[in-house]
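Engineer: Only the shape, not the letters, is given here:
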C-alpha cells in the first residue's frame, strides 16, 4: 500500500497543505520549524489514529484552531482507499474509510502500517520500561487485531482496579470487589503475555540479522523479554500481591510492568554500549519492525525518516540510506534541512524520487 496524496488542515503548524508522493523516496526539506516532522507525524496518525510524538490531540491543532483534519489517498494496485480523520477540540474524533465512519477508532488500526525513525527513538534505550512497552504495543497493534482487542480490555480492567485501590486509601476491602474487576482483566493479561512472547520469538531473528548487517558482524546484539507472567499466571500474581497493592494504591504486577532487556555481547546495552552502538541498536529495532510487518501483513509499511542526518553520524546515515534505497523498503518519506544531502544519498538506478521544499512558514516552495 502506498500513499498517493496527503492533505493537512490545521495540523500542527500547517494551516493548509497538500502533497502528492511517488512510490519511491520522497524528500522533504526546509529549515527547522518549517513543519517537516509534522508531515511525517500526519502519515503516522492516519495509520494509528494518534501522533507518534504526543499522546494528546489538542496540542496538535494549529494555534488558534479548534479542530484538525487529515486526509490520505492510498493505493493497492489499481484500488484507491481514502482515509479521513477529523478531530474537534470538543466532541468525538471520527475516522472514515471511503466515506464510511468506523464505529470504533480501534477498528481502523491495522489497515495501514508505518515505521518511524526519529531522533527521540534513543529513549527506547535510555528511557524507562514504558518506552519499550510502547514500541511493543505499537508494533503488535498494527499487526494483530487480537492483540489490540486484548490490550484495550486489559487497560480498562487495570484502570478500574487502580481506581478501586486508590479509593480504599490503604484499607483492606472485600475480595468480591476485586473479583468483579479481575474476571475480565485476568484472561486479557494472560493472552497479552502469550502474544508478546510469540512476538519476540518471531521478531528477535529479524533484529539480530539487521544488527549484524549494520555492525558488519563485529558484535552480537540480542533482546530478552522480561515479564512477571514468566513464572506465574495472572490471577496468581494479583492474589499474591493484593495486600501490597492496597498499601501502594496501584497494581504492582502484570503485563503493564513488562520490559525488554537490550544486550550487546551478553552485557546490558544501556550500561556498556557506546553512543554508536546504541544508535545502531535502535536502527536494527526499526529494520526488524519493518520486516515483521511485511511477514505479518504481506505488504510493505511506509518508512518515515525524520532528520536522520542531524542526529546520527554521516557513515550510519549513508549506510541507512543505501539500505532503504535498495528497493526492499517500498515507499519512503524522509525529512532533512538540506535538500541536496538527500538527493546525494538517494541515487540508486531506477529508484523513483520526488523532492519538496518548505519555507520557514511551512509553505510549499517546490
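Structural biologist: Structure's in. What do you need? Keep in mind that this is a model prediction, so the values were computed, not measured.
Engineer: Mind listing what's buried along stretch 50-59?
Structural biologist: 50, 51, 52, 53, 57 (16 or more other Cβ atoms under 10 Å). The way it works is simple: take the backbone N, C-alpha and C, and place the C-beta from them, glycine included.
Engineer: Look at the second one and tell me its secondary structure.
Structural biologist: What that stands for is residue 51. Secondary structure for residue 51, judged by DSSP: H, G, I helix; E, B strand; the rest coil, is coil.
Engineer: So for it, what pLDDT did the model give?
Structural biologist: Note for residue 51: predicted pLDDT of 97.
Engineer: just the last one next, same as before
Structural biologist: The confidence metric pLDDT takes the value 95 at residue 57.
Engineer: Neighbours of the closest residue to residue 30 other than its chain neighbours, how many?
Structural biologist: Nearest residue to residue 30, sequence neighbours excluded (Cβ to Cβ, 6 or more residues apart in numbering): residue 358, at 3.3 Å. Using other Cβ atoms under 10 Å, residue 358 has 23 other residues around it.
Engineer: The one 5 residues further on now?
Structural biologist: Neighbourhood size, residue 363 [other Cβ under 10 Å]: 15.
Engineer: Nearest the geometric middle of this protein, what residue?
Structural biologist: Nearest to the geometric centre of the chain sits residue 138, at 4.5 Å (Cα atoms, centre = their mean).
Engineer: For that residue, what is the enclosing helix or strand?
Structural biologist: helix 129-143 (DSSP states H and E).
Engineer: Beyond that helix, next helix or strand please.
Structural biologist: Downstream of helix 129-143 (by DSSP H and E), the next one is helix 145-168.
Engineer: relative to helix 145-168, how tilted is the helix or strand just after that next one?
Structural biologist: Counting by DSSP H and E, the element after helix 145-168 in chain order, helix or strand, is helix 175-214. Helix 175-214 runs at 130 degrees relative to helix 145-168, counting by axes from the mean of the first three to the mean of the last three Cα atoms, to 10 degrees.
Engineer: how far does helix 175-214 sit from the chain's center?
Structural biologist: 16 Å (Cα atoms, centre = their mean, to the nearest Å).
Engineer: contact partners of the helix or strand just after it?
Structural biologist: Using DSSP H and E, the helix or strand that follows helix 175-214 in sequence is strand 221-226. For strand 221-226, the external contacting residues (Cβ atoms under 8 Å, 6 or more residues apart in numbering) are 196-197, 200, 203-204, 207-208, 211, 215, 258-264, 269, 281, 284.
Engineer: what do you get for stretch 68-86?
Structural biologist: 1-11, 42-43, 45-46, 49, 57, 60-62, 67, 87, 93-99, 108, 111-112, 299.
Engineer: how is the protein carved up into domains?
Structural biologist: What automatic domain parsing lists as the domains of the chain is 1-113+300-366, 119-298.
Engineer: Which of those domains has the lowest mean pLDDT?
Structural biologist: domain 1-113+300-366 (a mean of 88).
Engineer: what's the offset of that domain from the middle of its chain?
Structural biologist: Distance, centroid of domain 1-113+300-366 to centroid of chain: 14 Å (Cα atoms, centre = their mean).
Engineer: Which residues does the helix holding residue 138 contact?
Structural biologist: Contacts for helix 129-143 (Cβ under 8 Å, 6+ apart): 47-48, 109-110, 112-114, 123-124, 147-148, 151, 195-196, 199, 203, 256-260, 285, 289, 292-293, 296-297, 301.
Engineer: please redo it, this time with the cut-off set to 6 Å
Structural biologist: 109-110, 113, 123-124, 147-148, 199, 258-260, 289, 296 (Cβ atoms under 6 Å, 6 or more residues apart in numbering).
Engineer: Which positions in that helix come out as buried?
Structural biologist: Neighbour-count burial for helix 129-143 [16+ other Cβ under 10 Å]: 131, 132, 133, 135, 136, 137, 138, 139, 140, 141, 142, 143.
Engineer: One more: stretch 13-32?
Structural biologist: Here stretch 13-32 shows 13, 14, 17, 19, 21, 24, 25, 26, 27, 28, 29, 30 as buried, counting by 16+ other Cβ under 10 Å.
Engineer: With that, I have no additional questions.
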